[in-house]
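S.K.: the sequence and its predicted three-dimensional model are supplied below.
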Amino acid sequence: MLLELNQNYIDIENKANSEILNFLLCYPDSSNTVFKQRLQELKNHDIQYIELSGPTILYGNHILGKGTRGLVVKAYSNNHAYALKIRRLDSPRLNLINEVKIQSFVNSFGIGPKIITYSKNFILMELIQGKVLSELYDMDSLNMDFIVYTIRSLLYQCYLLDLHGIDHGELSDLRKHVIINHRVNIIDFDSASYNRKTSNLTSCIQYLFIGGPNSHLLSKLFDIDLDKILLLLKKYKSNKDYLTYVHILKLLNMN
């Protein structure tokens, strides 16, 4: 992917960019000692440029995303664009290794952005760009086939996470955690855990059909009996078997 000339790129080798790089690599503090360490760590990943673009604005700078534990920016290595996660200086996590372990594991069964490389303070991963879930309902005419495909794919990925004992932790609000392009992508495994009871599928269905901002529209579109769904979800919580999952799809008219 060639650099686009109309974008704002930061060459990490250019000392004139030290101030903005310090801001990003050491957010929300500024530390020359930490900056030097992190800059070398970044260079070890063969990152040449950071692009200031994305939907999140941080003190006038556009980035891909901002969470309580990290920033995500667009970065280039060997002329390819990736998403770069940067551990915040005030993060309660001492490193990103646990997140890498979980994300690498879910990558093994086709979920999440693929990890390219990582270290204590950085994760370089596949860049996923597309629409957020809410944009599916902003179209002039609803494409029902595409909506069915999207929801089925999302529910199946949630079922796989449940099956493998990974709780994403943030799927009660899908707005920032699902990106749709040629496929449906669950992102951001910062809060994911092996150690919690999994609730991925139940959280997703609650958001889509029961309590989310477009749940009334979807439950009406698919003519869903919410009482029956709630009873089946209760059963699923105690027994996450495939037959119950298939029964849920049938009640949602997704089969």
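M.R.: Looks like it came in fine. Everything numeric here is computed off the predicted structure, so don't read it as measured data. Residues are numbered from 1 along each chain as shown.
S.K.: would you map the helices across this structure?
M.R.: 18-25, 32-43, 97-107, 144-163, 200-205, 215-221, 226-238, 242-251 (DSSP state H).
S.K.: got a list of what the closest residue to Lys85 other than its chain neighbours touches?
M.R.: Excluding its sequence neighbours, the residue lying closest to Lys85 (C-beta to C-beta, 6 or more residues apart in numbering) is Ile123, at 4.2 Å. Where you see a C-beta, it was placed from the backbone N, CA and C, and this is true even at glycine. Contacts for Ile123 (C-beta atoms under 8 Å, 6 or more residues apart in numbering) come out as 84-85, 96, 99-100, 103, 115.
S.K.: returning to what we had before: closest to Gly65 out of the helices of the chain?
M.R.: With respect to Gly65, and counting by C-beta to C-beta, the nearest of those is helix 18-25 at 12.6 Å.
S.K.: and that closest one, what's buried?
M.R.: For helix 18-25, the neighbour count (16 or more other C-beta atoms under 10 Å) marks 21-25 as buried.
S.K.: now that helix against helix 32-43, angle please.
M.R.: 80 degrees (axes from the mean of the first three to the mean of the last three C-alpha atoms, to 10 degrees).
S.K.: quickly list the domain ranges of the chain.
M.R.: 9-125, 131-251 (automatic domain parsing).
S.K.: just name the shakiest helix or strand of the protein by mean pLDDT.
M.R.: strand 131-132 (a mean of 86; mean pLDDT, DSSP states H and E).
S.K.: which helices and strands does that strand pack with?
M.R.: Packing partners of strand 131-132 (3 or more C-beta pairs under 8 Å, 6 or more residues apart in numbering; DSSP states H and E): strand 178-180.
S.K.: just how off-centre is the strand it packs on within its chain?
M.R.: 8 Å (C-alpha atoms, centre = their mean, to the nearest Å).
S.K.: can you tell me the strand partners of it and which way each runs?
M.R.: strand 131-132 (antiparallel), strand 184-186 (antiparallel) (DSSP bridges).
S.K.: about what we covered before: can you tell me what sits against the least confident helix or strand of the chain?
M.R.: By C-beta under 8 Å, 6+ apart, strand 131-132 touches 175-176, 178-181.
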